[in-house]
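A.B. asks: Quick one, fold the following:
(2 chains)
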Amino acid sequence: MVDTLCNQARGKNIAVVGFYCDFLAQQEHSTTSMLGAILKQLVSRGEIPEHIRQTFQEAKKEFGGRGLRLPDLMEIMKKVVTTLPRVFICIDALDESTPKHRRELLGSLREIVRVSANTRLFLTGRPHIGDEIMKCFGKVVRILISPTREDIRSYLEMRLDNDTDPDIMDDELRADIMRVIPEKVSEM
Amino acid sequence: MSSEHQQVTGNVNLFNNNHSFNNIVNFNLEAEAERRQILRWLSPLEPQQRHQGVRTNRLDGVGNWVLETNEFRKWSGAEDGCSEPVLFCDGNPGVGKTYLR
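C.D. replies: Numbering: from 1, shown residues only, chains lettered A, B, ... in the order given. The predicted model follows:
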């Protein structure tokens, strides 16, 4: 998705940034570090804005160098997104973050789209978090992802072509696999 | 002007040039170091690395139907405020949400 949006954005002043939530990295993926990663991508496109440099230098003076906290990060984020003509933020697998982080993250994202009408969010996740997202944003555009038969055939062909033991396969078995699996999967 | 004098003047100029060149280099190095520190302070995470992995393993064409839907087109192309700002793609585990192109 990031790549499609990037292609559309080529030559225009459009920022496309993203983040992948990961069940295995739930603890290090705090709300602050996830939003920070998004902010980092936004500001590393060009020179770092002076207001960020100043906040950083002030934080550095404090004992041990103070880490960035969520309210400060959000202040910076709002300043940054409102200076950009168009921003796409893509977040994958929201269901893989902890409920606490997800609630904070969604709340922060809502705040971002509230202050910046130029910002678009692309979110993915399992269906059960749909209610949380609807509750947070009110209205959302929703697309249910389910592979088409054509998708499944492409995938099977790739897997069969890359089979590490191709001698066991004969044409009949291959034809059966290509016929039965797409049928069964699309019934699911 | 004696040739010795010219030699000295030349060396001084060379020295001055080198000196300001060094200043510029130092300044750039410092600015670059600060830039790296700031980016790391914003977040230690590097989501681009995961993106490279996804890009490598993605199978061309799979899931592209999503990009053809009216919902996607409207959301990605609409003028400010003309459409809902949030697009949510949901689906069961393994259906390919991460690998949408």
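A.B. asks: Can you tell me how far the residue of chain A at minimum distance from chain B is from A:Asp151?
C.D. replies: With C-beta to the nearest C-beta as the measure, A:Gly36 is the residue of chain A nearest to chain B, at 2.9 Å. Every C-beta, even on glycine, is put in place using the N, C-alpha and C of the backbone. When distances are taken as C-beta to C-beta, to the nearest Å, A:Gly36 and A:Asp151 turn out to be 35 Å apart.
A.B. asks: got it, and A:His51?
C.D. replies: When C-beta to C-beta is the yardstick, A:His51 and A:Asp151 sit 46 Å from each other.
A.B. asks: just B:Ser83 next, same as before
C.D. replies: 26 Å.
A.B. asks: So for the two, which residue has more residues nearby?
C.D. replies: Comparing B:Ser83 with A:Asp151 by neighbour count (other C-beta atoms under 10 Å in any protein chain shown), the higher total belongs to A:Asp151, at 23 against 17.
A.B. asks: Double-check that the more buried one belongs to a helix.
C.D. replies: Yes - note on A:Asp151: a helix contains this position according to DSSP: H, G, I helix; E, B strand; the rest coil.
A.B. asks: quick one, what contacts it?
C.D. replies: By C-beta atoms under 8 Å, 6 or more residues apart in numbering or on different chains, the contact list for A:Asp151 reads B:Gly61, B:Val62, B:Gly63, B:Trp65, B:Gly96.
A.B. asks: could you redo the last one with a cut-off of 10 Å?
C.D. replies: A:Asp151 makes contacts with A:145, A:182, A:185-186, B:59, B:61-65, B:95-96, B:99, as judged by C-beta atoms under 10 Å, 6 or more residues apart in numbering or on different chains.
A.B. asks: So which residues of chain B form helices?
C.D. replies: With DSSP state H as the definition, chain B shows helices at residue ranges B:3-42, B:47-57, B:65-68, B:70-77.
A.B. asks: one step back: considering the contacts of A:Asp151, which member attains the minimum pLDDT?
C.D. replies: Across these, the bottom pLDDT score, 68, is held by A:Ser186.
A.B. asks: How about whichever strand or helix holds A:Thr82 and chain B, any contact?
C.D. replies: For A:Thr82, the element it lies in under DSSP states H and E is helix A:70-83. Yes - using C-beta under 10 Å from any C-beta of the partner chain, helix A:70-83 reaches chain B at A:Leu73, A:Ile76, A:Met77.
A.B. asks: quick one: which of the residues you listed has the most company?
C.D. replies: When neighbours are taken as other C-beta under 10 Å, the top entry among these is A:Met77 (24 neighbours).
A.B. asks: what residues are up against that one?
C.D. replies: Here A:Met77 is in contact with A:35-36, A:38-39, A:42-43, A:70, A:108-109, A:111-112, A:115-116, B:42 (C-beta under 10 Å, 6+ apart).
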